[in-house]
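*Asks:* below is the sequence, then the predicted model.
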Amino acid sequence: MCVESTPPPPGRLTRRGVLAGAAALAGTSAVLAANAPGASAASADPATAHRPGRGGDLVVEGGTLLDPATGEVTENAVVVITGGVVRAAGRRGDVRVPAGSAVLRAHGRWVLPGLIDAHIHLNTAAEARDAVRKGATSARSGSTNFYQDIAVRELARQAPEQAPRLRAAGIFVTPDLGDTILADPDLAPLARLRDGVRSPEALRRVVEVNLARGADTVKTRVNERAGLPEQDPLAQVYDHEQLSAIVAAARRGGKGVLCHSYSEKGCHDAVTAGIRSLEHGAFVGERTLHEMRRRGTYFTPTLTAIAGLAESADPVLAERGRAYLPVLKRAVLAAHELGVPLAAGTDSSGGTVDPIGREVELMRSAGLSALDAIRTATTGAAKLLGLGSTAGRLARGFAGDVLVVDGDPLADVTVLARPVHVVRSGLPV
């Protein structure tokens, strides 16, 4: 069986219905309705609502400001945010503060841009709120089963303090879609495929449906999962040709691909197929790292997730985590020393959200300097997400996303996992 003769995904009506269902599953429609007195549930439909919420006006004063891009530290700093955007940032006395502005006092504390989680699974409005409270003011989805991340993205646009600014991946391009087949009527023809989503036509179909529903990026895999004891993370599920078909379909829609990976061969196949970022990648080898540097391919190691395996009650997963973590840390340091761009991601899922500051800690423990570790969750991750001129710094024209921490993160990065205040688009969270 193939899907080559199946017509392309239809337009507005299917998109509206699918995404309204995703919003119901994610709980975002209810949150938007509750936060907009007089608004109907229909007005919260992510397929029809396009008016983003306005950011706030706020002055953050008195803290020590860190610019991750330059490493510059400014004591007794002032950050002026108007309409959710930084209008000025610098030393007190050099920055004009608008009269009557709401003020967040940060005296004795450090002020940084909000952090970016480049690999997270946000399935509900509650998870999105948890992520932003823990410091992730921007994020990239690692896919959801029923397009919930697209609904969360709309929540972030309309109520910025409720969710991170999000790049959505939609559904996972994987051989066995499982119940995800039920997410979209345009995926139904794939249920007839005896071998799953493997042919070029089927792979292209899943990518095209994803993009038709509004995905910002495409998520696929080259290896099985590390987090399931019955799977072998070194077993390869897609070859170079199949990965190339996925990348080509995504590129036709102007999108990049992030790829779940573990084995060296799998990593190399994925990178040479043209993916935008390598996820996990515990056993990535030197030849692949050199290729990543040449191509500008990002590495998102998700150290937090691998460290979490070591704490599992399942002995197979615990041993896997203990064995993989030091290998992955060595790969992170080798990548950094070669000049491969790194991005921080927690791979949080299943209702538990890890603070993105924890990933920065693990980057630091892998051998990066404190400043370089911070960059993986600010300027580095921002470039990967296409937010290089929007997020990752507190400078004029950037988003008014702020993290206030109780200590010097250049001396102790662990403070990033315990933010005292979080501001999203000028709105205190």
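*Replies:* Okay, I see it. Numbering: from 1, shown residues only.

*Asks:* give me the longest helix you can find in the chain.
*Replies:* The longest helix of the chain (DSSP state H) is helix 315-338.

*Asks:* check which helices and strands that one is in contact with.
*Replies:* helix 286-295, strand 298-300, helix 303-309, helix 356-365 (3 or more CB pairs under 8 Å, 6 or more residues apart in numbering; DSSP states H and E). No exception for glycine: its C-beta is placed from N, CA and C like everyone else's.

*Asks:* repeat that with 10 Å
*Replies:* Here helix 315-338 touches strand 277-280, helix 286-295, strand 298-300, helix 303-309, helix 356-365, helix 370-376, going by 3 or more CB pairs under 10 Å, 6 or more residues apart in numbering; DSSP states H and E.

*Asks:* distance to residue 129, mean pLDDT and mean neighbour count added to these, as JSON lines?
*Replies:* Formatted as JSON lines, the helices and strands packed on helix 315-338 follow (distance: least, CB to CB, whole Å; pLDDT from 0 to 100; neighbours: other CB atoms under 10 Å):
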{"stretch": "strand 277-280", "distance to residue 129": "24", "mean pLDDT": "98", "mean neighbour count": "28"}
{"stretch": "helix 286-295", "distance to residue 129": "34", "mean pLDDT": "98", "mean neighbour count": "17"}
{"stretch": "strand 298-300", "distance to residue 129": "23", "mean pLDDT": "98", "mean neighbour count": "28"}
{"stretch": "helix 303-309", "distance to residue 129": "19", "mean pLDDT": "97", "mean neighbour count": "23"}
{"stretch": "helix 356-365", "distance to residue 129": "15", "mean pLDDT": "98", "mean neighbour count": "26"}
{"stretch": "helix 370-376", "distance to residue 129": "24", "mean pLDDT": "98", "mean neighbour count": "24"}
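
*Asks:* could I get those as a markdown table with distance to residue 72?
*Replies:* Formatted as a markdown table, the helices and strands packed on helix 315-338 follow (distance: least, CB to CB, whole Å):
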| stretch | distance to residue 72 |
| --- | --- |
| strand 277-280 | 28 |
| helix 286-295 | 27 |
| strand 298-300 | 25 |
| helix 303-309 | 27 |
| helix 356-365 | 19 |
| helix 370-376 | 11 |
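
*Asks:* which residues sit in contact with the residue most central in space within the chain?
*Replies:* Nearest to the mean C-alpha position of the chain, by CA atoms, centre = their mean, lies residue 140 at 2.1 Å. Neighbouring residues of residue 140 by CB atoms under 10 Å, 6 or more residues apart in numbering: 116-120, 149, 164-169, 216-217, 219, 258, 277, 300, 343, 345, 381, 384-387.

*Asks:* mind giving me the PyMOL command for buried ones among those residues?
*Replies:* Filtering those down to the buried ones (16 or more other CB atoms under 10 Å) takes a single PyMOL command:
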select buried, resi 116+117+118+119+120+149+164+165+166+167+168+169+216+217+219+258+277+300+343+345+381+384+385+387
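
*Asks:* all helices of this protein, in order?
*Replies:* 12-26, 28-34, 125-133, 148-158, 200-212, 240-252, 264-273, 286-295, 303-309, 315-338, 356-365, 370-376, 379-384.

*Asks:* and the angle for the third one with helix 12-26?
*Replies:* For helix 125-133 against helix 12-26, the angle by axes from the mean of the first three to the mean of the last three CA atoms, to 10 degrees is 70 degrees.
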